[in-house]
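Visitor: Give me a model of this one.
(one chain, ligands or ions: 1)
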Amino acid sequence: ASWFGHVEPAAKDPILGVTEAFLADPSPDKVNGAYRDDNGRPVVLECVREAERRIAGNANMEYLPMGGSMKMIEESLKLAYGEDSEFLKDKRIAAVQALSGTGACRLFADFQKRFLPDSQIYIPTPTWSKFPSSFLHLSVIANPMFFLSHHNIWRDARVPQRTFTYYHPESRGLDFAGLMNDIQNAQDGSFFLLHACAHNPTGVDPSEEQWRERSFQFKAKKHFPFFDMAYQGFASGDPERDAKAIRIFLEDGHQIGCAQSYAKNMGLYGQRAGCLSILCDDEMQAVAVKSQLQQIARPMYSNPPLHGALIVSTILSDPELKNLWLKEVKGMADRIIGMRKALKENLESLGSSLSWEHITNQIGMFCHSGMTPEQVDRLTNEFHIYMTRNGRISMAGVTSGNVAYLANAIHEVTK
Ligand code: PLP
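Guide: Alright, predicted model coming up:
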C-alpha cells in the first residue's frame, strides 16, 4: 500500500482554465497580474536597483533576529502610523517582519486563534480572492500566488468566519448602508478585516467621511479593526493619503492590527517583505504580544528573509532614496489612473451608451467592470482577452498600446 495513495489533487479553482490558457500562450507579453510598465514589461524600481547596489558586497548572510530586521520594522511603522506617531515613541506597537502581506495576515490569524479562541473574523464580500485576472491582448495571468484569499488564510488558522456587506453591484460602488448595518448587527467586540485602501477586487474605497462614520460605529460596538494594507502609495500615489483610514481609526483611539506588504508599492513581489503590527495598551503589553508573535513564527519558518528587508530599510532610511521611491510609486499609480481615464474615454468616443464612470471612480489595480460572465466569455473567445468571469480587470496590465483594442472589444460585447 502506498503512503500517499489517498491524497487527491487539491480542488481546482474555477479560473484554472484561464491559467492553463495562459501557460499555453506563447506570447512574450503575457502578464501575471503584477504591475507592468507601459510596454507591458515587469518593473524593478530604480530606488530598488540603487539599494541593491549599496547592499551588494556589504551585507553578511547571518540570520535576522526572530522578529526580523528592527530597522525595517521601524521604517514600516513610520509609514503606516505616521513619522511622528506617539504610539511609536511610547513603544506601544508590537511588530514583527512578516512574509509579505499574506504572511502578516496569517500570523495575525494564528495569534487571534491562540489568544482569543472564541472570536470570529468578519470579512467583506467580496474580498481579495486573488486569482489572476489581468487581461491582455493574446495573453494572461497565471501565478499560483493569485489563488490565495482572506477566507483561506483565516480558515487554515481555524478562526470561524462571517462576511459583511461591502460592494453594491448596481452602482458598482460601496454599499455603505449595508455595510453600516452589518457592523451594527455584529456581536459587540468582533474582529473585522478592513482593506486599508484600494479594496481588492472591487477598487471601491469608502470616502474619508464614510471611514469616520465607520470608525465611530466601531467604537460604539467595541469592534477590533484589522487593516490589510497591501497597496499603500500604490492607490493614490501618496502613501500618506493611502494611510488615511488607519490614521482616522488611530485618532479615534482604536487599538488596531495592520498587515503591510511591499509587493506592490516597491515591486518586491517575490522578496516576501512585509510587516505585522498590533497597537497595544502600553509598552509592557507590546513586549508580551511581540514575544508571542515570534513564538508562533518560530516553529513555522524560524525567522524571516534578509534581502527584501535590507532593500526596504535601505530605501526608507535614506532621505534621497525615499524621495526617489515616493516619485516612482506615484509614477506607477499615475500610470494606472491614466489608463483608467483612457479606457473610459475610449469607450465614450466609441459611442457606448453605458455609463463607465465607475472605471475612474474606482482605485488601485483592479476595476470591477460590471460585465457579465457571458460578456467576459465573448471577450475571450472573440478577442483573445482573458479576465476573470466576475468582470474584474487588472488595470496594471493595460497599456497605451492595448487600451484602444480593449475598449473596442468591451464596446463590441456590451452594446
Ligand atoms: N492583501 C490584499 C488585499 C492583496 O490584494 C494582496 C495581494 O494581492 C495581499 C494581501 C498579499 O500579497 P503579498 O503576500 O504578495 O504581499
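
Visitor: Phe108 against Gln260, yeah?
Guide: No: applying Cβ atoms under 8 Å as the test, Phe108 and Gln260 come out as separate, 11.6 Å apart. In short, each C-beta sits where N, CA and C put it, glycine included.

Visitor: Mutual contacts of these two, please.
Guide: Common neighbours of Phe108 and Gln260 (criterion: Cβ atoms under 8 Å, 6 or more residues apart in numbering): Leu276.

Visitor: In contact with Leu88, which residues are there?
Guide: Glu74, Leu77, Lys78, Tyr81.

Visitor: for Glu348, same thing?
Guide: Listed by Cβ under 8 Å, 6+ apart, the contact partners of Glu348 are Trp356.

Visitor: could we number from 42 for the rest of this?
Guide: Okay, residue one is now 42; in that scheme the one you just asked about reads as Glu389.

Visitor: Helix, strand, or coil at it?
Guide: What DSSP: H, G, I helix; E, B strand; the rest coil gives for Glu389 is helix.

Visitor: so what's Gln301 up against?
Guide: Neighbour list for Gln301: Ser117, Leu120, Ala121, Ala139, Gly142, Ala145, Met270, Gln273, Gly315, Cys316, Leu317, Ser318 [criterion: Cβ under 8 Å, 6+ apart].

Visitor: and the first one, how many neighbours does it have?
Guide: So the one you mean is Ser117. The tally of other residues near Ser117 (other Cβ atoms under 10 Å) stands at 29.

Visitor: Same question for the one 5 residues further on.
Guide: Residues within reach of Tyr122, counting by other Cβ under 10 Å, total 23.

Visitor: my guess is it meets Ala136, correct?
Guide: No: Tyr122 is not in contact with Ala136 according to Cβ under 8 Å; the separation is 9.7 Å.

Visitor: What sits closest to whatever residue of the stretch 342-456 of the chain ends up closest to the ligand if chain neighbours are left out?
Guide: In the stretch 342-456 of the chain, the residue that lies nearest the ligand is Met406 (7.8 Å; Cβ to the nearest ligand atom). Once flanking residues are discounted, Met406 sits nearest to Ala437: 4.9 Å by Cβ to Cβ, 6 or more residues apart in numbering.

Visitor: same deal with Arg147?
Guide: Distances taken as Cβ to Cβ, 6+ apart place Ile194 nearest to Arg147, at 5.1 Å, with adjacent residues excluded.

Visitor: give me every residue that touches that neighbour.
Guide: Contact analysis of Ile194 by Cβ under 8 Å, 6+ apart lists Thr143, Cys146, Arg147, Ala150.

Visitor: cutoff 6 Å now
Guide: Cys146, Arg147, Ala150 (Cβ atoms under 6 Å, 6 or more residues apart in numbering).

Visitor: List the buried residues for the helix or strand harbouring the last one?
Guide: Assessed by DSSP states H and E, Ala150 sits inside helix 141-156. Going by neighbour count (16 or more other Cβ atoms under 10 Å), the buried part of helix 141-156 is 141-154.

Visitor: Pull the number of nearby residues for Ile316.
Guide: I think there's a mix-up here, since residue 316 is Cys and not Ile. Counted with other Cβ under 10 Å, Cys316 comes out at 31.

Visitor: any idea how far the ligand is from the spatially closest residue to Gly411 that is not a sequence neighbour?
Guide: Nearest residue to Gly411 in three dimensions, chain neighbours excluded: Arg213, at 5.1 Å (Cβ to Cβ, 6+ apart). Separation of Arg213 from the ligand (Cβ to the nearest ligand atom, to the nearest Å): 19 Å.
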